[in-house]
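Visitor: What shape does this take:
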Amino acid sequence: MADSQFACITETDPVVGIGWRQPHYRELMTRRSPLGFLEVHSENFFAEGGAALAVLEQARAHYPISLHGVGLSLGSVAGIDPWHLDQLARLVQRIDPVRVSDHASFARGRFNGAAVHAADLLPIPFSHEALDVLCANVEQVQTRLKRRFMVENLSSYVRWTALPDELLLEEPEFLSTLAQRTGCSLLVDVNNIYVNALNAQINGAGGDPVQHGLDWLDAMAPADVGEIHLAGHCRVNDAHGEIVIDDHGSRVCPEVWRLYQHAIGRFGAVPTLIEWDTDIPALEVLLDEAARAQAVIRAASAEKT
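Guide: Residues are numbered from 1 along each chain as shown. Modelled structure (predicted):
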């Protein structure tokens, strides 16, 4: 789909953006393709100066920017790393993004008395105790940033087993309660929902992955959802077994498009991001995916009029 298909986007259209990665820095700034926003990974721009930050400031002059983090470790009992939060707050003040987000996960803890970081997005149990920790950390972030924060559902490849006397919530209830208690917004990654359902099916613990996704989305309150992510995934089958990986390395699959259409019908014209982080293709491919998401939103809006 050519860039010209975005020509009819107006200021009243819902926003669809793309993840802006280094291979497309120069081309997008030259083309100035009409997009609702660009999303970047916050941690890539924590340096006080340099070329990366200069490029981001150039982009900010032409596009709204959404900052998406991977390192806050919002679910960590060890708490938020003060240095990390300070760097994020400084970046937010400098860029003035339209949205700031991170994941319902943990990566930071204490080992032998020292803080360690796993450099990965590890899942948290959907327990009341873990919810208390997550709420406290999200509230700290919102207070420091002086704005509403967004929390994303995770694609996870291991899961917690409840203790004999422990009650685990379902993920939609867990996240909805987080939003109610903290006032944060939820970033719903539709591909993550589908990937988790596929892996549950592989492990014999799930039914129809699409139906699971539809039920998951129906359990969320529309007012809590502030952004949607779409991405591709891959299936790995080797000597260790079979697993589906949320690799952000391909086009959105038909099943996820179906779930996205349902999500837009339920939540309305929610800002939507096309994520692509591995095997990054030509910019034209991302614009094509963004145009398809825009078409879904427009069709849903037309049905309501």
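
Visitor: Return the distance of residue 118 relative to residue 109.
Guide: To residue 109, residue 118 is 8 Å away according to C-beta to C-beta, to the nearest Å. Where you see a C-beta, it was placed from the backbone N, CA and C, and this is true even at glycine.

Visitor: quick one: low-confidence ranges for the chain?
Guide: Confidence mapping of the chain against pLDDT under 70 gives the ranges 1-14.

Visitor: mind listing the helices for it?
Guide: Taking DSSP state H as the criterion, the chain carries its helices at 25-31, 51-60, 82-95, 128-145, 171-182, 190-202, 209-218, 254-267, 283-303.

Visitor: could the ones you listed go into a markdown table alongside mean neighbour count and distance to residue 42?
Guide: Shown next, in a markdown table, are those (neighbours: other C-beta atoms under 10 Å; distance: least, C-beta to C-beta, whole Å):
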| stretch | mean neighbour count | distance to residue 42 |
| --- | --- | --- |
| helix 25-31 | 14 | 17 |
| helix 51-60 | 15 | 10 |
| helix 82-95 | 16 | 6 |
| helix 128-145 | 18 | 11 |
| helix 171-182 | 19 | 19 |
| helix 190-202 | 23 | 19 |
| helix 209-218 | 18 | 26 |
| helix 254-267 | 19 | 24 |
| helix 283-303 | 18 | 20 |
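
Visitor: which one of the ones you listed lies closest to residue 245?
Guide: For the helices of the chain, the distance to residue 245 is smallest for helix 190-202, at 7.5 Å, taking C-beta to C-beta.

Visitor: Tell me what angle the closest one forms with helix 209-218.
Guide: Taking axes from the mean of the first three to the mean of the last three C-alpha atoms, to 10 degrees, one finds helix 190-202 and helix 209-218 inclined to each other by 130 degrees.

Visitor: Please name every helix or strand in contact with helix 190-202.
Guide: Using 3 or more C-beta pairs under 8 Å, 6 or more residues apart in numbering; DSSP states H and E, the elements in contact with helix 190-202 are helix 209-218, strand 225-230, strand 241-245, helix 254-267.

Visitor: can you tell me which of the ones you listed comes nearest to residue 180?
Guide: Across these, closest to residue 180 is strand 225-230 (C-beta to C-beta), at 13.2 Å.

Visitor: Pull up the pairing partners for that closest one, direction included.
Guide: In the sheet, strand 225-230 lines up against strand 185-189 (parallel), strand 272-274 (parallel) (DSSP bridges).

Visitor: what's the spacing between residue 55 and residue 196?
Guide: Distance, residue 55 to residue 196, using C-beta to C-beta: 34 Å.

Visitor: on that earlier part again, most packed of the strands paired with strand 225-230?
Guide: Of all these, strand 272-274 has the most neighbours on average by mean count of other C-beta atoms under 10 Å, namely a mean of 26.

Visitor: mind putting the strands paired with strand 225-230 in a markdown table, distance to residue 127 included?
Guide: Output for the strands paired with strand 225-230, formatted as a markdown table (distance: least, C-beta to C-beta, whole Å):
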| stretch | distance to residue 127 |
| --- | --- |
| strand 185-189 | 19 |
| strand 272-274 | 29 |
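
Visitor: Relative to residue 42, which of the ones you listed is closest?
Guide: Closest approach to residue 42 among the strands paired with strand 225-230 (C-beta to C-beta): strand 185-189, 13.4 Å.

Visitor: ok and the closest one relative to helix 171-182, angle-wise?
Guide: Orientation of strand 185-189 against helix 171-182 (the same axes, to 10 degrees) gives an angle of 160 degrees.

Visitor: from now on call the first residue 25
Guide: All set: I'll call the first residue 25, so the last point we hit is now strand 209-213.

Visitor: which outside residues touch strand 209-213?
Guide: With contact meaning C-beta atoms under 8 Å, 6 or more residues apart in numbering, strand 209-213 is reached by 123, 125, 172-177, 179, 199-200, 202-203, 241, 244, 248-253, 255, 287, 291, 294.

Visitor: Just put the helices and strands packed on helix 214-226 in TSV and tack on distance to residue 299.
Guide: Shown next, in TSV, are the helices and strands packed on helix 214-226 (distance: least, C-beta to C-beta, whole Å):
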stretch	distance to residue 299
helix 233-242	17
strand 249-254	5
strand 265-269	14
helix 278-291	11
